[in-house]
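**Student:** Quick one: sequence plus predicted model below, questions after.
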Amino acid sequence: MLKIHQLNTSERTQLYREILTEFRCAEPYFLMDYINTFSNGLQDLICFSFTTKAGNKMIMPGYLKPVVIDDETTEYFDFSTPYGYTGPFISEQISDSDLTEFWTAVDSWYKSNKVITEFIRFNLSGNEKSYSGTVFPTMLNIKGKIVDENLQWTAFDHKVRKNVKKAIREGLTSQVFYHDISEERISEFYKIYIDTMQRTNAAKHFFYTLDQFKLFIKDNTDFAALCTVYFDDIPVSSELLLVSVDAIYSFLGGTVDTYFDKRPNDFLKVEALNWARLQGKKYYVLGGGYGYEDGIFKYKKSFFPNDVVSYYTGRKILNEEVYAELVEKVSALKEKRGFEPLHLDDTSFFPLYYKE
C-alpha cells in the first residue's frame, strides 16, 4: 500500500520522524533536520511510504514542485529527492520484486497527479536496483572499507603516509567529539568552516549559520560528530561527520590555510577513520569531486585506492508528450533571447526544461 505524506508543517514533520522510527531508518540523509538545513528546506516536501504485499516497508522523501516556465506556474509537477545519498530507504530483506512493486505504485500515482519527471539521487548501497526509469552513472565516489589498522595503513597511497608522519612530527593532535558536543567545539568548527568557505569563494548555499549547525548537532546526537585537529591547542582543521549504523560520511569541513604545511587534512581523515573503526563502523564515505575524476576525487582516492564505486542518479519521464512540449516552450524562449535552443537528446541536464 502506498501512502503520500505532506511534510511542510511542524505537525507533519513530527509524523515523518515517527515514520522513520517505525521503518527503522537510521540514515542521516533521511533526517528531517538534515533535509531542512542542508537540502531545500520543507516547502514542497513529501514522503512516500510503502508496505509491500509481503509486509516489507520502504520510504522515500522528496520535493514535489510545480513546473515553472518563465515565471509561469504550469499545471504539471516534477519530483526530486534531497541532496545527498537518498532515493528509497530499503532494508536488507527487501527483494527486487518488492522494489518493482514500489516503483510501479509510485509511477501510477505520478501519472494520476500530473507529475512529468522524476530525478532520484541514489545511495551507495544498491537502492537503484529495479528502478523503473533510467539509471545514470553520474560520478565516481569513494566508499572506503574500514579494515585492520595495519592493513589500512599500508593501503594508503605513499603520499598519505608521508603527510600523516609529517603531521605527527609537527605535533598535531586530534579529537573526535560525539554526543554532548559543547557549543565551544561547534564554534571552533564553524569558524574554520566559514573562513574556508569565504577563502574559496564557495557557492552561497554553503554559508550555513552557526545556529543552524548548533541545532542540527544538538538535536541529532547519534548522527553527528566533529573531528578537529589542533596545533598547540589551536584548532587548525575540522570536519562535521555524519554517522549512520555502519558508516561515517565526510560532510562539511575546512582548514586554516596558514597550517597547510603541517598536513592537517590527511591527518584528520586518518584520525576520523581510526575513530570510526573503534565505533565498529564498516565504511568511511568520502564522496566524490566536483567533476569527473578531478583533483578532489583523486585526493580522496589516495586514502582508499581500491574502494571506488559509482554514484547513480535516476531519471524518469512520465509523459513524453508533455515533456517535449515543455522543452520546446523553453527552447523557443531561449532562441528569442539570443541563446542556443534545447535539443531533446541532450543528456547533460535533467529535467531539460530547467537547463540554463
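**Tutor:** Arrived safely.
**Student:** for stretch 140-154, what is the average pLDDT?
**Tutor:** For stretch 140-154, mean pLDDT rounds to 97.
**Student:** My error: substitute stretch 272-282 in the last question.
**Tutor:** 98.
**Student:** cool, and stretch 295-311?
**Tutor:** Stretch 295-311 comes out at a mean pLDDT of 96.
**Student:** buried stuff in that stretch?
**Tutor:** Neighbour counts using 16 or more other CB atoms under 10 Å place F297, Y299, K300, K301, S302, F303, F304, D307, V308, V309, S310, Y311 of stretch 295-311 among the buried residues. Quick note: C-beta positions are derived from backbone N, CA and C, even for glycine.
**Student:** Keep only those of these that are in helices.
**Tutor:** F297, Y299, K300, K301 (DSSP state H).
**Student:** so the first one sits right up against F303, yeah?
**Tutor:** Right, the one you point to is F297. No. F297 is beyond contact range of F303, at 11.5 Å (criterion: CB atoms under 8 Å).
**Student:** Now the common contact residues for those two.
**Tutor:** Applying CB atoms under 8 Å, 6 or more residues apart in numbering, one finds that F297 and F303 are jointly contacted by I142.
**Student:** hang on, the earlier thing: in JSON lines, list the ones in helices among the buried residues of stretch 295-311 along with distance to E335.
**Tutor:** Formatted as JSON lines, those follow (distance: CB to CB, whole Å):
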{"residue": "F297", "distance to E335": "36"}
{"residue": "Y299", "distance to E335": "42"}
{"residue": "K300", "distance to E335": "41"}
{"residue": "K301", "distance to E335": "42"}
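**Student:** Y353: which of those residues is nearest?
**Tutor:** F297 (29.9 Å; CB to CB).
**Student:** quick one, what contacts the closest one?
**Tutor:** M139, L140, I142, G288, G289, G291.
**Student:** Just the buried residues from those, in ChimeraX please.
**Tutor:** Per 16+ other CB under 10 Å, the buried members of these correspond to this ChimeraX selection:
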select :139,140,142,288,289
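**Student:** Determine which two of the contacts of F297 are furthest apart.
**Tutor:** So, these by CB to CB: farthest apart are I142 and G291, at 14.8 Å.
**Student:** So M32 sits against I19, correct?
**Tutor:** No. Taking contacts as CB under 8 Å, M32 lies outside contact range of I19: 10.0 Å.
**Student:** ok, now which ones touch the closest residue to D222 other than its chain neighbours?
**Tutor:** Spatial nearest neighbour of D222, chain neighbours left out: V243 (6.8 Å); criterion: CB to CB, 6 or more residues apart in numbering. Neighbouring residues of V243 by CB under 8 Å, 6+ apart: P28, Y178, D222, F223, A224, A225, Y249, Q279, K281.
**Student:** As CSV, these with neighbour count and secondary structure would be great.
**Tutor:** What follows is the contacts of V243, written out as CSV (neighbours: other CB atoms under 10 Å; DSSP: H, G, I helix; E, B strand; the rest coil):
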residue, neighbour count, secondary structure
P28, 23, helix
Y178, 15, strand
D222, 13, coil
F223, 21, coil
A224, 25, strand
A225, 23, strand
Y249, 22, strand
Q279, 14, coil
K281, 18, coil
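**Student:** hmm, who's touching the helix or strand of the chain with the lowest mean pLDDT?
**Tutor:** When the helices and strands of the chain are compared on mean pLDDT, DSSP states H and E, helix 10-22 comes out lowest with a mean of 87. For helix 10-22, contacts defined as CB under 8 Å, 6+ apart pick out 5-7, 25-26, 30-32, 36, 42, 47, 49, 57, 59, 61.
**Student:** Let's see which of those residues end up in helices.
**Tutor:** M32, N36.
**Student:** Can you flag the buried ones in the contacts of helix 10-22?
**Tutor:** Members of those classed as buried by 16+ other CB under 10 Å are 5, 7, 25-26, 30-32, 36, 42, 47, 49, 57, 59, 61.
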